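> Generate a structure from the sequence data that follows.
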Amino acid sequence: MNAMEFTLEALETPALTKAHLADLLFEQIGLNKRESKDMVEAFFDLIAASLIEGTDVKISGFGNFQIRVKAPRPGRNPRTGEAIPIGERRVATFHASAKLKEQIHGSIAEEAPQEVEWSLGAE
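Sure, this is the predicted structure:
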C-alpha cells in the first residue's frame, strides 16, 4: 500500500483546524469541498463517540486517546479561600506514540542551532 504524502504550507493560523484539514483533502486528494468537510467531521465525531462510550482510540503511528476517571478531591476558591469539594470527573487524555515522539524530537534536533565556538579575551 502506498502512503500518500500530504504537504502543509505555512499555516495562516497557529493551529491546524478542521477547515484546513478539509481544504487539504480537497486540494491533495481531489474530494469535493462538501465531501472533504463531511469526512473530517465524521472522523472527529467517531473519535468523540468512541471516547464518550469509554472505548480507547488508538491511531497507529500517532497515539492513543483514552478516558480517565479523576478521583474527587478537595479544592479551594482562590478568591475567598473557602474549601470546595471537586467531584469525580472523566477527562480525555492523549499519549503520543513512540514514532510521533521520535519525529517531534528529530525535528527539534534538526532545527537546533549549530554550535559556535567563541572565547572571551584577547588572542
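> Next, count neighbours for residue 27.
14 (other Cβ atoms under 10 Å). The way it works is simple: take the backbone N, C-alpha and C, and place the C-beta from them, glycine included.
> Residues contacting the strand or helix carrying residue 106, please?
In the assignment (DSSP states H and E), residue 106 maps to helix 98-111. Contacts with helix 98-111, where a contact means Cβ atoms under 8 Å, 6 or more residues apart in numbering, come from 61-63, 96.
> By neighbours, which of those residues wins?
That'd be residue 63 among the contacts of helix 98-111, by other Cβ under 10 Å, with 17 neighbours.
> what does the model give the closest residue to that one other than its chain neighbours for pLDDT?
Once flanking residues are discounted, residue 63 sits nearest to residue 96: 4.4 Å by Cβ to Cβ, 6 or more residues apart in numbering. pLDDT for residue 96: 95.
> who's in contact with residue 96?
Per Cβ under 8 Å, 6+ apart, neighbours of residue 96: 62-63, 104.
> All the strands of the protein, residue numbers only.
Per DSSP state E, the chain carries strands over the ranges 57-59, 63-70, 73-76, 83-86, 89-96.
> picking that back up, could you single out the nearest of the contacts of helix 98-111 to residue 26?
Ranked by distance to residue 26 (Cβ to Cβ), the contacts of helix 98-111 are led by residue 62 at 22.0 Å.
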